[in-house]
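[1] my questions are about this predicted structure, shown below with the sequence.
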Amino acid sequence: MRVLIIGSSGTLGTAARTALEGHEIVGASRSTDPAVDITDAESIAALFDAVGEVDSVVVAAGAVPFKRLPALAAADYTSAFTGKVLSQLNVVRLGTEHVRDGGSFTLTSGILSREPIAASAAASMANGALESYVLAAARELPRGIRINVVSPSVLASSTGHHAAFPGFTPVEDEAVGLAYLKAVAGNFTGRVLALD
């Protein structure tokens, strides 16, 4: 299987790449050749033109601001939507014609859609939007293409973030990687793979 992993050099992308060993992996990030900026639709289109046909696409990238609710401005919500939601939706929108029949998209949200923490309103909004999108898009993607979303808790390897998630059980990178593998190699669609 030929799998495009966008965000392949980050922690989540590395977990996905490790779990998908044995498949042909095409890694893409801001620093690869070709490079991709998923907040730029032209950059996404250029990536797919350069890469060609794939069986699956994994998106392990996205950014959101973390601020207390009173400090969140309209621009912060726009930033969260653009950085995590619209960016991944554009990968699906622009990449569908490059995914082979019966292939798949796997997007990435996170636990904040169901277990918010302080200063997570924008991130929670973005994660929830992605998960709702996947449920709806699964019914309409053409040619048997599947779509799912991996939604992990704070990663065990992200030790710098643990203090922001008091009482949360960190998820091992290997478990997250296996969720990506399950989504790519499975036969289900429209699912949120929650890793709490």
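    Here it is on my side, so go on. Residues are numbered from 1 along each chain as shown.
[2] check contacts around A16.
    A16 makes contact with 5, 8, 58, 60, 176-177, 180-181, according to Cβ atoms under 8 Å, 6 or more residues apart in numbering. From N, CA and C alone the C-beta is placed, and that goes for glycine too.
[3] specify the beta-bridge partners of V59.
    Beta-bridge partners for V59, by DSSP bridges, are I6.
[4] state the distance from it to K84.
    Per Cβ to Cβ, to the nearest Å, V59 is found 10 Å from K84.
[5] how near is L130 to S56?
    With the distance defined as Cβ to Cβ, L130 ends up 17 Å from S56.
[6] sorry, back to before: tabulate the contacts of A16 (a markdown table), appending distance to G160 and pLDDT.
    A markdown table is the format used below for the contacts of A16 (distance: Cβ to Cβ, whole Å; pLDDT from 0 to 100):
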| residue | distance to G160 | pLDDT |
| --- | --- | --- |
| I5 | 23 | 98 |
| S8 | 21 | 97 |
| V58 | 24 | 99 |
| A60 | 18 | 98 |
| V176 | 17 | 98 |
| G177 | 20 | 98 |
| Y180 | 22 | 98 |
| L181 | 26 | 98 |
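[7] and those residues, which is closest to S158?
    Nearest to S158 among these: V176, at 10.7 Å, using Cβ to Cβ.
[8] show me what the helix or strand where the closest one lies is packed up against.
    Applying DSSP states H and E as the criterion places V176 in helix 173-185. In this structure, helix 173-185 packs against helix 11-19, strand 54-59, strand 99-108, strand 146-152, strand 192-195, with contacts taken as 3 or more Cβ pairs under 8 Å, 6 or more residues apart in numbering; DSSP states H and E.
[9] could those be laid out in CSV, adding distance to S124?
    Below are these laid out as CSV (distance: least, Cβ to Cβ, whole Å):
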stretch, distance to S124
helix 11-19, 18
strand 54-59, 19
strand 99-108, 15
strand 146-152, 12
strand 192-195, 14
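[10] right, and these - which one's nearest N90?
    Once Cβ to Cβ is applied to the helices and strands packed on helix 173-185, the stretch that comes out nearest is strand 54-59, at 9.9 Å.
[11] kindly format the C-alpha coordinates of that closest one as CSV.
    The C-alpha trace of strand 54-59 is given here as CSV (Å, rounded to 0.1, in the frame of the first residue of the first chain):
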residue,chain,number,x,y,z
VAL,A,54,-1.8,6.9,-3.3
ASP,A,55,-3.9,4.3,-1.4
SER,A,56,-4.2,6.2,1.8
VAL,A,57,-3.5,9.6,3.3
VAL,A,58,-2.8,10.2,6.9
VAL,A,59,-2.9,13.8,8.2
